[in-house]
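[1] Turn this into a structure:
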Amino acid sequence: METWLEQLKSGDLVIVSGSSIGSLPSVEKVDRVTNTQIIIRSTKYRRNNGRQVGGSRWYTSWLQEATPEAIKKIKDESRHRKLQYDLRETKWLWLSLEALEEIAAIVARAKESEKTDD
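    Okay, here's the model as predicted:
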């Protein structure tokens, strides 16, 4: 029985994960497949186990199967980080009192919801 790595073809989606601090998993498209390797953006991965060919002692990457659930999780986490950044960059002094009160109410409800979830 073939593994998901052996069934990959050009154009398929995979998840690339890395070992360095701060590296985040990403959804990538397979560029090319040979008998022994999977090539994504000029990085080569072993077809038998999905590990990066070469790399370094400090950083290596590997492939994971891109299931719909895993893709959604990565996209949601990415969107979460972007919203955090966008809100951090908000010029709060420029917002009206009404807008700030609405935002504060939303945050308070979210905090209260977290307390009840625990």
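[2] I'd like the distance between residue 7 and residue 47.
    Taken as CB to CB, to the nearest Å, the spacing of residue 7 relative to residue 47 amounts to 10 Å. The way it works is simple: take the backbone N, C-alpha and C, and place the C-beta from them, glycine included.
[3] what about the two, which has more around it?
    It is residue 47, of residue 7 and residue 47, that has more neighbours when counted by other CB atoms under 10 Å, with 17 against 9.
[4] Now the residue nearest to residue 61 when sequence neighbours are not counted, what are its backbone angles?
    Take residue 61 and drop its neighbours on the chain: the residue closest to it by CB to CB, 6 or more residues apart in numbering is residue 18, 4.3 Å away. For residue 18, the backbone dihedrals are phi -130, psi 170 (criterion: degrees, to the nearest 10).
[5] and what of residue 113?
    Torsion angles at residue 113 (phi, psi; degrees, to the nearest 10) stand at phi -60, psi -40.
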